[in-house]
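Peer 1: Got a predicted structure plus its sequence, pasted below:
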Amino acid sequence: MTSLHTLPIPRIPSPTAAHEHVWLVESRHRTSDGTLLYVRCADCGIRRLDLQGHPQQPPVGLSRAIGETAANAAATP
């Protein structure tokens, strides 16, 4: 039997959908270890610090993106 006087089931908002970040370089400077790149995702706006040890190598993330949770960081390549 169903009742017409029931309360709706509360909906919990889902976390922000994961996406592949599009990193844009905002600033850079050279250090003895290589070039530090201060990058920002064009889609969600979070920031990260990368190090490019050699101009012919891709940069490596030095920090976790600012503004994301540990669960989101584990899902982000």
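Peer 2: Great, that's in hand. Residues are numbered from 1 along each chain as shown.
Peer 1: Let me see the ranges of the strands in this structure.
Peer 2: 23-31, 34-41, 47-52, 60-61 (DSSP state E).
Peer 1: closest to Thr6 out of those?
Peer 2: Checking the strands of the chain against Thr6 by Cβ to Cβ gives strand 34-41 as the closest, at 42.4 Å. Where you see a C-beta, it was placed from the backbone N, CA and C, and this is true even at glycine.
Peer 1: low pLDDT regions in the protein?
Peer 2: By pLDDT under 70, the low-scoring segments of the chain are 1-3, 12-17, 66-77.
Peer 1: separation between the residue nearest in space to the middle of it and Ala18?
Peer 2: Nearest to the geometric centre of the chain sits Ala65, at 4.8 Å (Cα atoms, centre = their mean). Relative to Ala18, Ala65 is positioned 12 Å away (Cβ to Cβ, to the nearest Å).
Peer 1: same thing with Pro8?
Peer 2: Pro8 sits 28 Å away from Ala18, going by Cβ to Cβ.
Peer 1: ok, these two, which is more surrounded?
Peer 2: The residue with more neighbours, out of Pro8 and Ala18, is Ala18; 12 against 5, by other Cβ atoms under 10 Å.
Peer 1: is it true that the residue nearest to the centre of the chain touches Asp50?
Peer 2: No: the criterion here is Cβ atoms under 8 Å, and Ala65 misses it with Asp50 at 10.6 Å.
Peer 1: ok, Glu26 - contacts?
Peer 2: Contact criterion Cβ atoms under 8 Å, 6 or more residues apart in numbering gives Tyr38, Val39, Arg40, Arg47 as the residues in contact with Glu26.
Peer 1: Quick check: bridge partners of the nearest residue to His29 once chain neighbours are set aside?
Peer 2: Excluding the flanking residues, the one nearest His29 by Cβ to Cβ, 6 or more residues apart in numbering is Leu36, at 5.7 Å. Leu36 forms beta bridges with His29, Leu51, as assigned by DSSP bridges.
Peer 1: All good on my end, thank you.
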